[in-house]
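Student: Sequence below, structure please.
(chains A, B, C, D and E, ligands or ions: 4)
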Amino acid sequence: KPPLVLAAASLQESLSAAANAWAARRHERPVLSFAASSALARQVEAGVPADLFVSADEAWMDDVQRKGMVRAGTRVSFLRNQLVLIAPAGRGARMTIGRGFPLARALGNGRLAMADPDAVPAGRYGKAALTALGVWPAVAGRVVRAESVRAALALVARGEAPYGIVYATDARAERGVRVVGTFPVGSHPAITYPVALLKGGSAEAERFRRFLISPAGKAIFRRYGFGTR
Amino acid sequence: MSFDIALRRRLGARDIALTFKADDGLTVLFGPSGAGKTSVLNMVAGLLTPDAGHVRVGGATLFDAAARVDVAPERRRIGYVFQDGRLFPHLRVRANLLYGWRLAAEADRWIGLDEVVAFLGLGELLDRWPRSLSGGEAQRVAIGRALLSGARTLLMDEPLASLDASRRGEIIAVIERVRDDLKLPILYVTHDPAEAERLGTQLVAMG
Amino acid sequence: MSFDIALRRRLGARDIALTFKADDGLTVLFGPSGAGKTSVLNMVAGLLTPDAGHVRVGGATLFDAAARVDVAPERRRIGYVFQDGRLFPHLRVRANLLYGWRLAAEADRWIGLDEVVAFLGLGELLDRWPRSLSGGEAQRVAIGRALLSGARTLLMDEPLASLDASRRGEIIAVIERVRDDLKLPILYVTHDPAEAERLGTQLVAMG
Amino acid sequence: MLTPEEWAIVALSLRVSGVAMAVTLPVAFGLAYLLSRGRFPGRSLVDAVVHLPLVLPPVVTGWLLLLAFGRNGPVGGWLEAAFGVSVIFRWTGAAIAAGIMALPLMVRAIRLSIDAVDRRLEGAARTLGAGPWRTFATITLPLCLPGVLAGLVLGFARSIGEFGATITFVSNIPGETRTLPIAIYSALQIPGNDDAVWRLAGLSVALSLAALVVSEWLARRGQDDRAGHVL
Amino acid sequence: MLTPEEWAIVALSLRVSGVAMAVTLPVAFGLAYLLSRGRFPGRSLVDAVVHLPLVLPPVVTGWLLLLAFGRNGPVGGWLEAAFGVSVIFRWTGAAIAAGIMALPLMVRAIRLSIDAVDRRLEGAARTLGAGPWRTFATITLPLCLPGVLAGLVLGFARSIGEFGATITFVSNIPGETRTLPIAIYSALQIPGNDDAVWRLAGLSVALSLAALVVSEWLARRGQDDRAGHVL
Ligand SMILES: Nc1ncnc2c1ncn2[C@@H]1O[C@H](COP(=O)(O)OP(=O)(O)OP(=O)(O)O)[C@@H](O)[C@H]1O
Ligand SMILES: Nc1ncnc2c1ncn2[C@@H]1O[C@H](COP(=O)(O)OP(=O)(O)OP(=O)(O)O)[C@@H](O)[C@H]1O
Ligand SMILES: [Mg+2]
Ligand SMILES: [Mg+2]
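Tutor: Ligands and ions are numbered 1, 2, ... in the order given. Next up is the predicted model:
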């Protein structure tokens, strides 16, 4: 029985490519199940028979670990991402993002699309960055809280919002938007993706985990715009 | 001339056809079960469209296939006592009785609720729902509802079928008054020879 | 003794009560509209539960409030011709007729489909849906359905109300045969004195 | 007992669902009537389109709404140009999403009741002098009231629970589009926040329970005394 | 026209919805019958519980299912111990989610029809010798068939579109729980992948359109010739 990997939906393309590469090395291709990190974490906590968990969010991995579902010593934060400001393709001027940068003025009476700043990780990082840069109070009332980064991306791509905050990996793949600025690394907590072997995970799953965090595995993710560490 | 009727209509495998003219008064339509009596009444009322022919009542053309005349049922001013009652189940007896009365012009009303209630013996039924009525009670309410609608013509499909003799007598007396004093044309279906004898100005046989 | 009945039942504001015993033959129940005739038939059939009293038919106790006997309707073996037909709308005429026949034991069937179809004149109606039947046609099917159920007792609520004279004659002849040859107890509601006269072994008045 | 913020969410949910029902009910009735009584080419197509929001994942429906009502969408562009209004990111948009998602349920229930109306009673009303409209209002409509009520209950419950299409279409804006289910979803995203989820879910349940009880009471009042038959 | 992978998804969706309907229909009928005919304390409670999946955001329903059917959950633990089966992450779990979400729609539609059955016809059947069960099977059931059919159509459409509860309960496992809506969700996660989304959405629509046409045809066959009344 091939290992079952639960992974955040935003890793769909990159992790699938990694699984294909693994299969090309004469291993059985792991079964990948993509959904929101929160849904997957709750499944793990309910005791489902899964082997690996790749979360887009350290907080949910913490929760899973606290509930004793993670095999000790197997948790590694192996991917990083960046937060970018986007505008619909062909619109919006480049902006240097720094303390007190003029986002509110650029928005005018338009909206700022981002994932839910209270709930979804990308939104939380975005809010942290805007707060650190001192512009959050000015734009908070104009924020559109999308269900996910992808939804925020779609709102900008459709021109419903003149600006949005998403991960660099998302912005890269959508032709309808362009990146107008990148948030300084220090403005928000590090955006990292942890992987861990779950309690009862198979030896083959552990081998796959090791592959993911190996240089060869990380190289695949870099092709999709992720940073690695 | 109260009725000048020539009708043809196909129903499933059967062909219903009838032609007759009748002078003023009450015309009894009789014939065996399934002859098409109810169908004829429905066509006169405008509820069933004939395939061909015409319907003239009291000089007015209500339907004429050739001339493409087809007066809507609500403008034919016909009071119809259905063979199966057809009371409105969501209205109490009083509202059923007054349904047509409220829609009639003041001048067209030739009978009032009190009178109808009295000779049909409906006094205790006014606040009841139709579904709780006995067979004969429902029939009486249906008669009252048609009379109260201020109609200029009456169609009655075996209106006395399940009523006892004394009640029958009272209702027959009212029908006679409508026939003789108000001179409304009436088309009447019955299987009872005595009833036909007593009420009918003329007889039309079907089937 | 064919019927030994003592019943009381409250319906809304009315109190229906009747006590009678009847010898073999056909008992005519008559009374004005709303007297409670249909209610009595329903209580005998087991469709309406009396508040007090008993129902004994042909020596068997079908209901006894004091002794807490209440035989289920389907085990009373009673054929009931309802005042309002009550044909099953989702079954064709043939299936309506055979509904009870199929459920009856071979030995209990005292009449066959062909005979019923013949004297009720249902030949052309067998493949029709009930809703397309005329008033009299539906009534005839209802009579046929009750006869075919292999009942040991018959309840008939104005079964001939809207039938023409010749059809009535044929049906009356069959009822007489059931009464005299098969000796089934029959409880019969009618408003027609001639019918009561001809068929009734005894009369019970209500109301 | 409830925090002011929770009250605001409940009030918003009620407003969104209430408006959605008020607007959708006549539309649903019209469609149900058309599908029950109408005989026209393209009837099956109308039927199918009505069912679409049921069949498609809500997110797709929300996305289609975004395409249609968005600034550059056909409906949205026209609304903007003609009336200067925009429903996107507004509670009105949430009401549109809720109404659209509830529509198929309402149409089916109402249609079932219209199908069951005995049309001979309408004929009887006509002979008593009622024109087609009056016949409709006094006979047809009251006779299919059980279906209308059932449709309303289903629709209201569905709209109180509507999530996927709403968040995709009008996002999650506190005080504007953050209805109960969206607040629940937000709460679900945060680890260790289950208490808030349960509170909010309890609120949803209480809300529709109340609606249910009212509707049952209305239905019972209308039916039981009319039935009357003791067999 | 369709890729083998798409075929597999369609086949899985049909299997999940088909099994869900087969199992849920009798349950829905039983509940509808109980709610329509039964007079027992707690009736309103049953009614409310049946409506819950409609009112709660699907994600919450999915989570509750996860808690109940999970290895440590009351139902899941029992299933495991008694039969050694687990529905979690299995297509059977997806069918359970689909059935639960469709249940309230089905119960309402069926109940509406049972309410409308003329009980005097059941009395007539009894006098003709049919016991309660036979009366039910030959009179009551056929007379409320329009409602059963309507419930089935609603339920099937709903289950074909079911997403939120399914992904929360049984995740997104290719060939096992990745039904059409979940495949659409997955496609939506990949930016610039709209073609795949539309293809899959089109498939959903085609599927339920087919179901709709079949049901209309069945309904028409049963009704039109019986009506007969020309007024
Ligand atoms: N849809 C149909 N298909 C076939 N035959 C039909 C249809 N509708 C009506 N009929 C037939 O048309 C005939 C006329 O029916 P109608 O109700 O007018 O008869 P009637 O003279 O009023 O009979 P009754 O005295 O029994 O009420 C009946 O034989 C009936 O069976
Ligand atoms: N739910 C109810 N509330 C009040 N009165 C009722 C109710 N049900 C029946 N009744 C009354 O009980 C009486 C008996 O009805 P039943 O049908 O037995 O009369 P019947 O003798 O058969 O009359 P008919 O000859 O008119 O058929 C009627 O007056 C009827 O109005
Ligand atoms: Mg007739
Ligand atoms: Mg009676």
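Student: Please write out the alpha-carbon positions of the helix or strand harbouring residue D:50 in CSV.
Tutor: Assigned by DSSP states H and E, residue D:50 falls within helix D:43-55. Provided in CSV are the C-alpha atoms of helix D:43-55 (Å, rounded to 0.1, in the frame of the first residue of the first chain):
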residue,chain,number,x,y,z
ARG,D,43,-38.9,24.0,-20.6
SER,D,44,-36.4,21.3,-19.8
LEU,D,45,-33.7,23.9,-20.2
VAL,D,46,-35.3,26.2,-17.7
ASP,D,47,-35.6,23.3,-15.4
ALA,D,48,-32.0,22.4,-15.8
VAL,D,49,-30.8,26.0,-15.2
VAL,D,50,-32.8,26.3,-12.1
HIS,D,51,-31.1,23.2,-10.7
LEU,D,52,-27.6,24.3,-11.6
PRO,D,53,-26.8,26.0,-8.2
LEU,D,54,-27.6,22.6,-6.6
VAL,D,55,-25.4,20.6,-8.9
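Student: got the buried residues for the next helix or strand after it?
Tutor: Following helix D:43-55 in sequence order, the next helix or strand is helix D:58-69 (DSSP H and E). Neighbour counts using 16 or more other Cβ atoms under 10 Å in any protein chain shown place D:58, D:59, D:60, D:61, D:62, D:63, D:64, D:65, D:66, D:69 of helix D:58-69 among the buried residues. To be clear about C-beta, it is placed using only N, CA and C from the backbone, and glycine gets the same treatment.
Student: what's next to stretch B:168-187, contact-wise?
Tutor: For stretch B:168-187, the surrounding residues in contact (Cβ atoms under 8 Å, 6 or more residues apart in numbering or on different chains) are B:2-3, B:22, B:24-27, B:29, B:40-41, B:44, B:57-58, B:110, B:119-121, B:140, B:143, B:147, B:151-156, B:159-160, B:163, B:188, B:195, B:198-199, B:201, C:191.
Student: Show me the subset of those that also lies near ligand 4.
Tutor: By Cβ under 5 Å from the ion, no member of the contacts of stretch B:168-187 lies near ligand 4.
Student: Drop anything exposed from the residues you listed.
Tutor: B:2-3, B:22, B:24-27, B:29, B:40-41, B:44, B:57-58, B:119-121, B:140, B:143, B:147, B:151-156, B:159-160, B:163, B:188, B:195, B:199, B:201, C:191.
Student: Per-residue pLDDT of the most centrally placed residue in chain A, please?
Tutor: Against the mean C-alpha coordinate of chain A, by Cα atoms, centre = their mean, the closest residue is residue A:56 at 4.7 Å. For residue A:56, the pLDDT comes out at 91.
Student: next one: residue B:153
Tutor: pLDDT recorded at residue B:153 is 95.
Student: secondary structure class for the residue nearest to residue B:66 when sequence neighbours are not counted?
Tutor: Ranked by Cβ to Cβ, 6 or more residues apart in numbering or on different chains and with sequence neighbours excluded, the top spatial neighbour of residue B:66 is residue B:54, at 7.4 Å. Each residue gets one of three states, and residue B:54 gets strand by DSSP: H, G, I helix; E, B strand; the rest coil.
Student: how close does residue B:54 get to residue C:96?
Tutor: 38 Å (Cβ to Cβ, to the nearest Å).
Student: What of residue B:64?
Tutor: 40 Å.
Student: So between those two, which is more surrounded?
Tutor: residue C:96 (29 against 17; other Cβ atoms under 10 Å in any protein chain shown).
Student: any idea which helix or strand carries that one?
Tutor: helix C:93-103.
Student: Phi first, then psi, for residue 206.
Tutor: You didn't pick a chain, so chain A it is. Torsion angles at residue A:206 (phi, psi; degrees, to the nearest 10) stand at phi -60, psi -40.
Student: my bad, chain D
Tutor: phi -60, psi -40.
Student: Give me the pLDDT value at it.
Tutor: Taking residue D:206 on its own, its pLDDT is 87.
Student: Can you report how many residues neighbour it?
Tutor: Residue D:206 has 13 nearby residues by other Cβ under 10 Å.
Student: Quick check: chain neighbours aside, which residue is closest to the residue of chain B at minimum distance from ligand 4?
Tutor: Closest residue of chain B to ligand 4, Cβ to the ion: residue B:135 (4.1 Å). Spatial nearest neighbour of residue B:135, chain neighbours left out: residue C:83 (4.5 Å); criterion: Cβ to Cβ, 6+ apart.
Student: can you check residue A:155 too?
Tutor: residue A:113 (4.1 Å).
Student: Does the one you found touch residue A:142 like I think?
Tutor: No - between residue A:113 and residue A:142 no contact is recorded; they are 9.9 Å apart, counting by Cβ atoms under 8 Å.
Student: When the two are compared, which one has more neighbours?
Tutor: Just comparing residue A:113 and residue A:142: by other Cβ under 10 Å the higher neighbour count belongs to residue A:113, 29 against 19.
Student: host element of residue A:61?
Tutor: Using DSSP H and E, residue A:61 sits within helix A:58-66.
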